[in-house]
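Engineer: Next input, structure requested:
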Amino acid sequence: MTSSALPPDTSTDISDSTEDNNDATLVAELGELAEHIRLVKMEGRVFVRFSGVVKAGHLVVPYALVPSQGVLARPAKWRKMDRETKLALVRERASAAVFEELRQHVIDFVADIAGLSEDVDTDPMVFLHTLADMQTSEPAGMVFDRIRQRFNHAIERQQEEQHAARTRQSINLAEYPASFEMARRLPRRFVALLGPTNSGKTHRAMEALVKAKSGIYLAPLRLLALENYERLQEAAPHGKPLAVSLITGEERRVVDGATHVASTVEMLDTKTVVEVAVIDEIQMLADPDRGAAWTAAVCGAPAHTVYLVGAPEARRAIEALAERLDCPLEVHVLKRMAPLSMEPTAVRKVRNLRRGDAVIAFSRREVLMWRDMITETGLSVATVYGNLSPEVRRAQAQRFRDGTADIVVGTDALAMGLNMPIARIVMTTCVKYNGREEEEISAALARQIAGRAGRYGVHEEGLVAGYDNETHEVMRALLKEKLHPLNTSGFAVAPSLEHLHRISSVTGELSLSKLLRRFIHNIDVPDGFFFPRITEDQKERAIWLDTLPLSVTDKFTLSLVPISSKVPSLQTAWEHWAKNLSQGKTSTLRQHAYGGGTQNLQQVEDTCRYYSAYAWLSYRLPEFFPDIAVAQNLSRDASERVDSILRAHNAASRGRSKKFKQA
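Structural biologist: Residues are numbered from 1 along each chain as shown. Below is the predicted model:
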């Protein structure tokens, strides 16, 4: 450890200067103290500097310091003083009592730094040697403060280096797969079913899951988990219905003796061995926010056969993972069962839309605007966007399936799940807000959305069009563009509670934000095959949670609550729950009712999200969030209200259209 460079000595020792012979003799008249005193001109001041040597234990430390009242005058004023005035001032400011007081302060300071240095196994002279070298007119107290500050910074750097080293020793991401003990013990094999939308890949994987004696389906969305839960319930491979459980972050439908489970990917049970696991939408490995859940699923699914279902561009990534995990891999690349074609021209006018179309926009506001424009032509519309609960999205999709709705208007939420008999995809735009700015959608997303057109067995082909000419041509180009394969390294790994406890145990750190920072910056990533990642939301929440008296476990749990911080009412509710928990208080829905009977559509949607988030917490902290049944009932009620409002808006708009036409 080294001290920072000292400033050059620019002082003038008046005691030895020939500039003023009278000044040069002043110190000599102080008797025995003269050998310890110098008059110095520096930084526009004339001052007294004491020098000496102190001993503290085995340390011998020289010093040259200015006492607290050591500054005598500015040079111009000093030159105007007569000799007697100067001498009186020097005797006052450089008396034996002042010298002794300063010497005692130096002894105390040296002893203090020596003791602190011993505590952290550091050489105190790295800092104390500067007591004789500080070229400044600052009084000794300020010099002590500067050395202390330098000492503290150096110790912080030393501790930071030690903690970083200990963190690296405690977690090695190259060993990440070994943390899934059950999967590691099993002789697993991977089967990749890769193909575009409507290639039958999920159907094939689900057939294998149904035939298996036990299995788990891992979905990217609650909606898909729910759909395939019902699909498994309806199956009877041996003349007997399967016993199936549904497990998502916000809902549990657990059946005693269940052989099969439909689950969201984050809820993977890594300890229960099954015959078959199906991991859907495997290309989500590359998702910046949720990719870590797919990494964990591939590494940790405790199944003899693991089906990896998704887009062809995931092939190289899957091959790299299979090789790393030493699992045999079988790859099947499937083709679309019904062709997909661009319409010759753009749609251009609302009246050119037709039954069976899916109109795609990229925001809730735009979806509702298009819904209103279309219903005014007399067509009935189903509405699907991300803010809607899975129950509402499914109800709206069902209206399109059974013909109650002529057209479905939605965001790219339609691109994942929600199998519907869509004849044509109509893009209102190819520009989407990415959280920071508007940008053109990727070719992969364009292809996934477009692939929803042309349901096999219902349509001979799927059609794609842009609403305007520019969007039409952009879509044509995007569908022709060659897709980039996923990276074959840098697979995301999210921090687990075990990771954070391990870091805390070797560093003593209890701040969630600092533990997360250490996970990102300090853990060992030998070859970069696995890479640590956290979301921006979690990082920002951790900083706020560190202001509350909560355990690391509770802060970590609260940092993961699936609730939007961009909606003020939901952010306020989350903060209220956190504060209650920090005070050991129970949060009940009866005490804190959310919303009211006169809510608009947006408010009812937010009510659904509020109850879902409460249910999520109830499963993890039931003692403090006890109203799980109430939350689920209220969530269902709110979902029904959303669906009712959407249908009412649809009917009202169509009614206005009929009146206008009749008039």
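Engineer: buried ones in stretch 191-203?
Structural biologist: Under the neighbour-count criterion of 16 or more other C-beta atoms under 10 Å, stretch 191-203 has 191-199, 201-202 buried. Just so you know, the C-beta spots here come from the backbone N, C-alpha and C atoms, and that holds for glycine as well.
Engineer: Check stretch 253-268 too.
Structural biologist: Quick answer for stretch 253-268 (16+ other C-beta under 10 Å): 258-268.
Engineer: Farthest pair within those?
Structural biologist: Using C-beta to C-beta, the pair of these lying farthest apart is 259 and 266, separated by 22.0 Å.
Engineer: about what we covered before: closest one of the buried residues of stretch 253-268 to residue 508?
Structural biologist: Nearest to residue 508, judged by C-beta to C-beta, of these is residue 266 at 30.0 Å.
Engineer: Once you drop chain neighbours, what's closest to that closest one?
Structural biologist: Nearest residue to residue 266 in three dimensions, chain neighbours excluded: residue 293, at 4.8 Å (C-beta to C-beta, 6 or more residues apart in numbering).
Engineer: Can you identify the element that follows the helix or strand encompassing the one you found toward the C-terminus?
Structural biologist: Per DSSP states H and E: residue 293 is located in helix 291-300. Heading C-terminal from helix 291-300, the first helix or strand you meet, by DSSP H and E, is strand 303-310.
Engineer: Contacts for the lengthiest strand in the chain next, please.
Structural biologist: Assignment by DSSP state E gives strand 45-56 as the longest strand of the chain. The contact list for strand 45-56 (C-beta atoms under 8 Å, 6 or more residues apart in numbering) reads 14, 36-40, 60-67, 70-75, 78, 90, 93-94, 99, 102-103, 106-107, 110-111, 114, 132, 137.
Engineer: picking up where we left off before, which ones among the buried residues of stretch 191-203 map onto strands?
Structural biologist: Short answer: the buried residues of stretch 191-203 in strands (DSSP E) are 191-194.
Engineer: returning to what we had before: nearest to residue 239 among the buried residues of stretch 253-268?
Structural biologist: Of the buried residues of stretch 253-268, the one sitting nearest to residue 239 (C-beta to C-beta) turns out to be residue 259, at 14.9 Å.
Engineer: Show me how far the helix or strand containing residue 246 is from its chain's centre.
Structural biologist: According to DSSP H and E, residue 246 maps onto strand 244-247. Strand 244-247 sits 28 Å away from the centroid of its parent chain (C-alpha atoms, centre = their mean, to the nearest Å).
Engineer: helices or strands next to that strand in the packing?
Structural biologist: Counting by 3 or more C-beta pairs under 8 Å, 6 or more residues apart in numbering; DSSP states H and E, the packing neighbours recorded for strand 244-247 are helix 222-234, strand 252-253, strand 260-264.
Engineer: one more time with 10 Å
Structural biologist: Where contact means 3 or more C-beta pairs under 10 Å, 6 or more residues apart in numbering; DSSP states H and E, strand 244-247 is packed against strand 215-219, helix 222-234, strand 252-253, strand 260-264.
Engineer: which neighbours does that strand have in its sheet, and in what orientation?
Structural biologist: strand 252-253 (antiparallel), strand 260-264 (parallel) (DSSP bridges).
Engineer: Let me see the mean pLDDT of it.
Structural biologist: Averaged across strand 244-247, the pLDDT comes to 96.
Engineer: List of residues touching that strand?
Structural biologist: 215-217, 222, 225-226, 228-235, 252-264, 267-269, 619 (C-beta atoms under 10 Å, 6 or more residues apart in numbering).
Engineer: Buried among the contacts of strand 45-56? Make that a ChimeraX selection.
Structural biologist: Buried members of those can be picked out in ChimeraX with the line below, counting by 16+ other C-beta under 10 Å:
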select :14,36,37,38,39,40,61,63,64,65,66,67,70,71,72,73,78,90,93,94,99,102,103,106,110,114,137
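Engineer: With mean pLDDT added, can I get the strands paired with strand 244-247 in CSV?
Structural biologist: Listed next are these as CSV, based on pLDDT from 0 to 100:
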stretch, mean pLDDT
strand 252-253, 94
strand 260-264, 97
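Engineer: Can you say which of the ones you listed is nearest to residue 149?
Structural biologist: Nearest to residue 149 among these is strand 260-264; the distance by C-beta to C-beta comes to 50.7 Å.
Engineer: from the chain's centre, how far out does the closest one sit?
Structural biologist: Distance, centroid of strand 260-264 to centroid of chain: 25 Å (C-alpha atoms, centre = their mean).
Engineer: Pull the CA coordinates from that strand and hand them back as CSV.
Structural biologist: The C-alpha coordinates for strand 260-264 follow below in CSV (Å, rounded to 0.1, in the frame of the first residue of the first chain):
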residue,chain,number,x,y,z
HIS,A,260,-47.4,-34.2,-14.4
VAL,A,261,-47.0,-30.5,-13.7
ALA,A,262,-47.5,-27.4,-15.9
SER,A,263,-45.4,-24.6,-14.7
THR,A,264,-43.8,-21.3,-15.6
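Engineer: can you pull out the helices in the stretch 251-400 of the chain?
Structural biologist: Ranges of helices within the stretch 251-400 of the chain are 291-300, 315-324, 364-375, 390-401, based on DSSP state H, counting those that start in this stretch.
Engineer: I'd like those helices laid out as CSV, including distance to residue 504.
Structural biologist: Below are these laid out as CSV (distance: least, C-beta to C-beta, whole Å):
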stretch, distance to residue 504
helix 291-300, 20
helix 315-324, 29
helix 364-375, 41
helix 390-401, 36
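Engineer: right, so these: which one is the most enclosed?
Structural biologist: When the helices of the stretch 251-400 of the chain are scored by mean count of other C-beta atoms under 10 Å, the highest mean neighbour count falls to helix 291-300 (a mean of 24).
Engineer: Residue 73 bridge partners, please.
Structural biologist: residue 46.
Engineer: In terms of pLDDT, where does it sit?
Structural biologist: 91.
Engineer: picking up where we left off before, quick one: the helix holding residue 293 to strand 260-264, angle?
Structural biologist: For helix 291-300 against strand 260-264, the angle by axes from the mean of the first three to the mean of the last three C-alpha atoms, to 10 degrees is 150 degrees.
Engineer: tell me what helix 291-300 is packed against?
Structural biologist: helix 181-185, strand 215-219, strand 274-279, strand 303-310, helix 315-324, strand 491-493, strand 530-532.
Engineer: Nearest to residue 634 among these would be which one?
Structural biologist: strand 215-219 (24.2 Å).
Engineer: so residue 227 sits right up against residue 394, yeah?
Structural biologist: Yes: judged on C-beta atoms under 10 Å, residue 227 makes contact with residue 394 at a distance of 7.4 Å.
Engineer: Regarding the most far-flung residue of the chain relative to its centre, which helix or strand does it belong to?
Structural biologist: Here the centre of the chain is the reference, and by C-alpha atoms, centre = their mean the most remote residue is residue 84, at 72.4 Å. For residue 84, the host element (DSSP H and E) is helix 83-93.
Engineer: Centre of the chain to the helix or strand following that helix, how far?
Structural biologist: Downstream of helix 83-93, the first helix or strand assigned by DSSP H and E is helix 96-119. Chain-centre distance of helix 96-119: 48 Å, with C-alpha atoms, centre = their mean.
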